[in-house]
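**Q** I need the structure of the sequence given here:
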Amino acid sequence: MWNPRILLLTIAATLVLAAQPGPEARQAPVLQPGEGFAITLGDGEVRAYGEAKKEAPMGSLAKLVWMRLEGSEWAGRGVQFKCAGKAGPFVCWNREGHGRVDLGRALQESCNLAFLAWIADSRTHWKADYGEAAARLRMEEAFRPFLGRRLPPGDDLPPLTAAWVGDGDLLRTSPEAFLRWLMEPEQAEVVNFGKRFLAGNWVEVKELFGKEGWWFKTGTAPVPGEPTATSAWVAGGRGSTLLVLHLPRGKGKQEGLVRIREILRLKG
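**A** Prediction:
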C-alpha cells in the first residue's frame with residue numbers, strides 16, 4: 001500500500017542530501033566555502049556536511065534555548081513587550097524598534113529587548129520560587145551544552161545580559177551539536193514552538209506536496225576577533241526532519257534564508 005510518509009522521506013533524502021545511483025555513490029548537498037550543514041530525516045541518523053563540526057558563537061539560536069527554559073511560562077502568561085529599539089543599557093539589533101510584540105513575533109523578529117525584559121522578569125520569579133542557587137542550577141542545566149567553561153563558577157545567578165540572547169561569545173555551538181540538541185526528547189516543546197511560531201509557506205521543488213510547513217529560526221552572530229563582522233545561523237525543520245545551517249563570516253539573516261532555500265530547493 002502506498003505510504004505518503006515513506007515517499008516524503010525518500011524524496012527528501014534524494015532532493016536534500018543525495019542522488020544515490022548505487023550503494024557506493026553519494027552526492028552531498030552543494031555548500032559554499034566555510035558553510036556547515038547538518039540534517040536528520042527523523043530516523044535518528046545525523047548527516048553532517050562541510051564545517052558542520054566547527055564551533056562558533058550561536059547568536060540568536062540562544063532564543064530557542066530560552067524557549068526550552070521559559071517558553072511555556074511565557075506563552076501561558078501571554079507576554080507582550082513594546083520594543084522602541086533601546087531600553088536602558090540595551091539596544092535591539094533593529095534600532096528603530098519592533099513595536100509591540102508578543103512571544104511569537106519576538107521569536108520571528110529575534111527581538112533582543114523583548115527577550116531580555118521577559119528574562120529579567122523570570123529571574124525575579126526564580127529567586128522567589130527556587131532561591132538563587134537552585135535557580136542558577138536550573139539555568140546552567142539548560143545552557144550547559146553551549147557554555148563550555150566560559151561561565152565563572154558561583155552560586156548566584158549571573159548577570160543576564162545580552163550575551164544570554166546571543167550577543168557575544170559566551171554561548172557557542174556547531175551545526176551538528178545544535179542539531180543533536182534539537183533531536184533530544186527534552187527539546188520536543190522547542191520544536192513545537194518552532195512549528196507554531198516560525199512556519200512559512202515554502203514549496204518543495206516540482207510542488208510535489210503543495211504548501212509545506214517548513215519552520216526556520218534565523219540568527220545573526222558575531223565573529224570572534226572581528227567586531228564588525230557577522231555570521232548567520234538557520235535552524236528548522238518540517239515534520240520529523242530537523243536541520244541546522246551555519247554561514248561563515250560576512251553573512252546575516254537574509255543570506256541564511258536564501259541559502260537554506262537553495263540547499264532544500266524551496267521557493268516562495
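
**Q** from R136, how far off is C83?
**A** Applying Cβ to Cβ, to the nearest Å, the value for C83 to R136 is 28 Å. (Each C-beta comes from the backbone N, C-alpha and C, glycine too.)

**Q** mind listing the helices for the protein?
**A** 4-12, 62-77, 103-109, 112-129, 132-147, 175-183, 188-198, 253-264 (DSSP state H).

**Q** closest to G168 out of the ones you listed?
**A** Of all these, it is helix 62-77 that lies closest to G168, at 10.2 Å by Cβ to Cβ.

**Q** in that closest one, what counts as buried?
**A** For helix 62-77, a neighbour-count test (16 or more other Cβ atoms under 10 Å) marks 62-71, 74-75 as buried.

**Q** do stretch 129-143 as well
**A** Here stretch 129-143 shows 135-136, 139, 143 as buried, counting by 16+ other Cβ under 10 Å.

**Q** between the buried residues of helix 62-77, which sits nearest A162?
**A** Out of those, the member with the shortest distance to A162 (by Cβ to Cβ) is A62, at 9.9 Å.

**Q** so for the closest one, what's the nearest residue that isn't a sequence neighbour?
**A** Using Cβ to Cβ, 6 or more residues apart in numbering and skipping residues adjacent in sequence, the residue nearest A62 is G166, 4.1 Å away.

**Q** contact partners for the one you found?
**A** 57-63, 112, 219, 221 (Cβ atoms under 8 Å, 6 or more residues apart in numbering).

**Q** can you tell me which of these are buried?
**A** Buried, going by 16+ other Cβ under 10 Å: 57-63, 112, 219, 221, out of those.

**Q** out of those, which is nearest to V258?
**A** Using Cβ to Cβ, the buried ones among the contacts of G166 come closest to V258 at G219, 14.9 Å.

**Q** not counting sequence-adjacent ones, nearest residue to that closest one?
**A** Per Cβ to Cβ, 6+ apart, closest to G219 is S60, 3.3 Å.

**Q** before we move on, what about W181?
**A** P145 (5.6 Å).

**Q** so what's the residue count around the one you found?
**A** 17 (other Cβ atoms under 10 Å).

**Q** for the closest residue to R238 other than its chain neighbours, give me its contacts.
**A** Using Cβ to Cβ, 6+ apart and skipping residues adjacent in sequence, the residue nearest R238 is W214, 4.6 Å away. For W214, the contacting residues are 199-200, 202, 236-238, 264, 266, by Cβ under 8 Å, 6+ apart.

**Q** lowest pLDDT pick from these?
**A** Here the lowest pLDDT out of the contacts of W214 sits on W202, with 49.
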